[in-house]
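Asker: Have a look at this prediction, sequence included:
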Amino acid sequence: MRLLLSTFGPGDAERILNAMRLLPYDKLVLVGEEGAQESPDFSRLERLENMSNKKIEFQPIFDSGFLGMVDSVSDMLAGYTANRQDTVYVNISGGAKLLGDAALLAAFRLGVETYHCDGRLTRLPVIKGATARDRFTAAQARLIEAIGETGIPYSGLIGAMDGMSKSSLDRVIREVKKAGLMTSHTTEGVLRITLTPAGVEVLHALKLTRRV
């Protein structure tokens, strides 16, 4: 099945219709703020889909913060992409820009093909099928997950990365630090390793891709 997931808000009927014309799909899923499904634009799209014996699925987003939106759309996409036989496209031309940006980042996390349809079809730079886990070596991903959201003392990291030599661990730490994903600081003589905000984002993406 081909699934088209599009961000949506009141006033977006023409944008969504444009995406429906330009992208092949069997099922349309609209993602927007709670209440958007009560708009005349949603009713118009629903009537058109009903004429083709199709039903629109609406997925509400309750989070107002950007990262909350990203997590919500990511969880949603993880569910839709769980069936490897299905093809999923994302269109971000509808809804508020913040929601579109969140959907783009969520698609980037999971490697879901993404477009902006507004008069013409623009494919966005998301590598299809390339998840966050594909962008890092196994050792780098293991290190990021070992550090976690709260950080870890260097001594604890040695134990968490059991089986890796100290020289190899230090090399991976340098690689992840050079990528801007982690930092270190000493407090009361204890060296502590923590993720940067970008590193935490990668951690969330790694956790998601473990589930799909």
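Answerer: Looks like it arrived, so ask away.

Asker: Sketch out the low-pLDDT regions of the protein for me.
Answerer: 125-134, 201, 208-212 (pLDDT under 70).

Asker: rerun at 80
Answerer: 84, 125-135, 197-198, 201-202, 204-212 (pLDDT under 80).

Asker: residue closest to the middle of it?
Answerer: residue 106 (1.6 Å; CA atoms, centre = their mean).

Asker: shouldn't that one be in contact with residue 70?
Answerer: Yes - in this structure, residue 106 is within contact of residue 70 by CB atoms under 8 Å, at 5.4 Å. Just so you know, the C-beta spots here come from the backbone N, C-alpha and C atoms, and that holds for glycine as well.

Asker: if we can go back for a sec, and what about the residue nearest to the centre of the chain, helix, strand or coil?
Answerer: Judged by DSSP: H, G, I helix; E, B strand; the rest coil, the three-state class of residue 106 is helix.

Asker: who touches it in this structure?
Answerer: 70, 73, 74, 76, 77, 112 (CB atoms under 8 Å, 6 or more residues apart in numbering).

Asker: Pull out the buried members of those.
Answerer: Burial by neighbour count, judged by 16 or more other CB atoms under 10 Å, picks out 70, 73, 74, 76, 77, 112 from those.

Asker: Could I get those residues in CSV, plus columns for distance to residue 140 and secondary structure?
Answerer: Shown next, in CSV, are those (distance: CB to CB, whole Å; DSSP: H, G, I helix; E, B strand; the rest coil):
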residue, distance to residue 140, secondary structure
70, 22, helix
73, 25, helix
74, 20, helix
76, 27, helix
77, 23, helix
112, 22, coil
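
Asker: any idea which of these is closest to residue 196?
Answerer: Proximity of those to residue 196 (CB to CB) peaks at residue 70, which lies at 16.6 Å.

Asker: Spit out the contact partners of that closest one.
Answerer: 102, 105, 106, 109.

Asker: hmm, 7 Å instead?
Answerer: By CB atoms under 7 Å, 6 or more residues apart in numbering, the residues touching residue 70 are 102, 105, 106.
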